[in-house]
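# 3D model of this:
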Amino acid sequence: MNPFSSGTRLRDMIRAIRSCKTAAEERAVVRKECAAIRAAISENDQDYRHRNLAKLMFIHMLGYPTHFGQMECLKLIASSGFPEKRIGYLALMLLLDERQEVLMLVTNSLKQDLNHSNQYIIGLALCALGNICSAEMARDLAPEVERLLQFRDPNIRKKAALCSIRIIKKVPDLAENFINPAASLLREKHHGVLITAVQLCTDLCKVSSEALEYFRELIPDLAENFINPAASLLREKHHGVLITAVQLCTDLCKVSSEALEYFREKCTEGLVKTLKDMANSSYSPEYDVAGITDPFLHIRLLKLLRILGQGDPDASDCMNDILAQVATKIESNKNAGNAILYECVGTIMSIEDNGGLRVLAINILGRFLSNRDNNIRYVALNMLMKAMTVDAQAVQRHRATILECVKDSDASIRKKALDLVYLLVNESNVKPLTKELIGYLEASDQEFKGVLTDKICSLVEKFSPEKIWYIDQMLKVLSEAGSFVKDEVWHALIVVISNASDLHGYSVRALYRASQTTTEQESLVRVAVWCIGEYGDILVNNVGMLDIEEPITVTESDAVDAVEVAIKRHTSDLTTKAMALIALLKLSSRFPSCSARIKDIILQNKQSFVLELQQRSIEFNCILQKHQNVRAALVERMPVLDEATFSGRRAGSLPTSVSTSTGTAHNIPNGIAKPAAAPVADLLDLSSDDAPAPSSSGGDFLQDLLGVDLSTASAPPSASQPPKGGTDVLLDLLSIGTSPPAQSSSSASDILSSIQDNTASLANLNGLTSLSPLSANGNSPASPAPVMDLLDGFGPSPQKNEENGPAYPSLVAYESSSLRMSFNFSKQPGNPQTTLIQATFTNLSPNVYNDFLFQAAVPKFLQLHLDPASSNTLPANGSISQSMKVTNSQHGKKSLVMRIRIAYKMNGKEVLEEGQVNNFPRDL
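Residues are numbered from 1 along each chain as shown. Have a look, this model is predicted:
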């Protein structure tokens, strides 16, 4: 016989393949065998079809393509004999998967075999369906599988349960059909069926909340049957039976309140007696572990007593004596004893209050901290964190030992100890604990410095007794680990310094000393540069010297040197260099003698490859050359920054209202497109978006920037505060945001007379103040602010604003039980087709809505532009707003219409609300 004919036995083919010496020989054998199988398939050879398919399965396992034999699987499955079906189904599971389109053809054969009279053929079909079932097959064959869950043979029931698991994973909507059959299988005696039934119920609970509730209701009914037998087992003398009985009672108490009450009344005293007998028992070689009688049973009993004593004073009082005896008698020099002591401590901390016992338990944990075993120290720290909520004073006694754990070589122990120290700190001990942590900051690993720095900064900010201490500690942290300090931390330090007027001199001198010692800590350099720029004259003149300070002599040139070093340091980033340029501009006014040198330093960045530095250098140079008369007022000290507002923004309680509208871009001379309403670059993140609006007497950007009253000049009475996203060059180059500074002592007449020396005329200040008014909440889109060209004086005056368009009534566009959306309308003057809509979203529930997102769709004759919402978090019973602009190309013919979709998360669950707004005013 030809060794590669279709009649070759499987065994001969395997022998021929295994005898090959090289991969090339193996490929040749497989190629010839596949050719023979293809020939047999084309001849429709039925006698050897099952043998050919068996060969193909072996070839497939070797990694060769066998797709040409897939239809043979279907032919064998359609045959009537069991041997052929067995090979066919096996090949189907091996050669095909649920993604194959051929699989659709086998659905009918599977349905017939699932209804077959032969239970073995039913088993084959269930196995195949459980392995390769697709979603379409699951929907078609689910009724047959559900019926087979009640089949007479347990093996079929087991396979049907496994197949059901596959079906509900593919189509979770079918889960409700299998709840009752699965529950009935839980009463099976056959272990194989019972195991699969438990797994089926587990998966049902994962995909269906209805199934989860159903099975939860079954638990108490099942538990009641075990209460009395479990209670009787607690009287057993055999430790193996007793351990399992205690575990059974523990689990029954967790799932059944009736069982919990029963064991409290009937079994607490018996359990205490059993534990006492074990604690006082003599040596028993059968149960002895490291000199302790059956520590496993000790632990099980303590866990059960913990559950029984929790919330029950009588039961707790009954077990106090034995717990004290176990805690004092068990030795802690072996792991078995430590395990018992740990469970004893957990039980003491969980039962009702007993002050003496809790002190004893916390002292045991303190001894654990001195153990050389890292695992024991870790679990002790973990338990002490839980004990902080029960008896913080007792934990405070072990503060020194806990601090030593912060310096441990094990990273997990260090982190856990640091978390515990953070809980230990209060107003009375913040100074010594912070001193210890900062002292360790020097020697800590680089990997641990980031976590340690965050904790120290948080503690100092939270429990600081006075501002000078806060400044001192933050300077120490910045000097040791400034590179690990987050931006909001040094921002907060600047806010504190600006508010402490009596400490300005102390702060700038301390920062100057620190910056001379180290220049590698980026955050320290930034704060030092900012303070030198603001308070450089105080530094040079030694103003506000405190008794605790050492005298220091700093010249104007020294102060400029410190800022120059920050600019030229190669490791300084863009933020640091930009802040240093601003500081130099301010020092040019404070130190007139160094003005020429400062100008040279600024000009060195004129050809910087960084566009931001290049632009600042050119603009600052223009201020020094062309605008000497306004420079002093322009660079005067920043106003006091509101600590409460800054803290609120850090905590996320105040909404951010900077618009990110993508309007038409202005073409900048350097070829970079700048958005019309891009948010102002705020290097220090100190500006308040929620600052009060300036007075309505003009709204001139010069008035906002310089803090002077220009009310003597003619200004339109309707002008209001400037837009927050404006492109005012002065605001941009100083990065001071939109908060109006305090009123300057400079008079308006001096400012105006000095500006008259420029080539550009200021005859018409109205043109500089024609800004679009903002809505009440400050979120409506604003037109770009007029640009002041620092290189060529002032640009041409734009047109005055026309009168506002007609008023429209507000509209409740959408309302549900939890949310209300209302619209306020306004028109742009001279543009009736465009409508500005201010949407206000009001939370009608006591829950916070996170990840809030509003989407809208309009017909083709409308164009819609959405600005970002004021916040993506909608507070409970609060509101946020969002602006949009709608352009109606069929104005006067068709009314506005809009479909809306609102998505948010409430308590971690995603919520989606949709609706349509048809009741817009007709003349919009």
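# okay, strands next: where are they in the stretch 551-700 of the chain?
With DSSP state E, counting those that start in this stretch applied, the stretch 551-700 of the chain shows strands at 666-667, 673-674, listed in chain order.
# give me the buried positions along stretch 852-859.
Across stretch 852-859, burial judged by 16 or more other Cβ atoms under 10 Å covers 852, 854, 856, 858. All C-beta spots, glycine's among them, are computed from the backbone N, C-alpha and C.
# same deal with stretch 610-622?
Using 16+ other Cβ under 10 Å as the burial criterion, the residues of stretch 610-622 that qualify are 612, 613, 615, 616, 617, 618, 619, 620, 621.
# do the same with stretch 915-924
Counting neighbours by 16+ other Cβ under 10 Å, one finds that the buried residues in stretch 915-924 are 917, 920, 924.
# ok so, going back, what's the closest of the buried residues of stretch 610-622 to residue 546?
residue 620 (33.9 Å; Cβ to Cβ).
# low-scoring stretches of this protein, by residue?
Segments of the chain classed as low confidence (criterion: pLDDT under 70) are 1-8, 219-226, 283-284, 286-287, 647-806.
# ok, which pair from the buried residues of stretch 610-622 is furthest apart?
For the buried residues of stretch 610-622, the farthest-apart pair by Cβ to Cβ is 612 and 621; their separation is 15.0 Å.
# scan this protein for its longest strand.
strand 831-843 (DSSP state E).
# relative to that one, what are the paired strands and their orientations?
Each strand that pairs with strand 831-843, with its direction, by DSSP bridges: strand 819-828 (antiparallel), strand 879-888 (antiparallel).
# going along the chain, name the strands of the stretch 201-350 of the chain.
When secondary structure is read from DSSP E, counting those that start in this stretch, the stretch 201-350 of the chain shows strands at 288-289, 292-293.
# want to throw those strands into JSON lines with mean neighbour count and distance to residue 425?
What follows is these, written out as JSON lines (neighbours: other Cβ atoms under 10 Å; distance: least, Cβ to Cβ, whole Å):
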{"stretch": "strand 288-289", "mean neighbour count": "14", "distance to residue 425": "41"}
{"stretch": "strand 292-293", "mean neighbour count": "20", "distance to residue 425": "38"}
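# got a markdown table for these, with distance to residue 893 too?
A markdown table is the format used below for the strands of the stretch 201-350 of the chain (distance: least, Cβ to Cβ, whole Å):
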| stretch | distance to residue 893 |
| --- | --- |
| strand 288-289 | 91 |
| strand 292-293 | 92 |
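# the closest residue to residue 818 other than its chain neighbours in helix, strand or coil?
Here the nearest residue to residue 818 in space, its sequence neighbours aside, is residue 845; by Cβ to Cβ, 6 or more residues apart in numbering that works out to 4.5 Å. Judged by DSSP: H, G, I helix; E, B strand; the rest coil, the three-state class of residue 845 is coil.
# thinking residue 845 is in contact with residue 820, fair?
No. No contact is recorded between residue 845 and residue 820 when judged using Cβ atoms under 8 Å, the distance being 10.8 Å.
# what sits against residue 922?
Contacts of residue 922 were listed using Cβ atoms under 8 Å, 6 or more residues apart in numbering, and they are residue 895.
# over to the residue nearest to residue 613 when sequence neighbours are not counted: give its phi and psi.
With Cβ to Cβ, 6+ apart as the criterion, residue 613 has its nearest non-adjacent residue at 4.7 Å, and that residue is residue 605. Comment: the main-chain dihedrals of residue 605 come out as phi -100, psi 10, following degrees, to the nearest 10.
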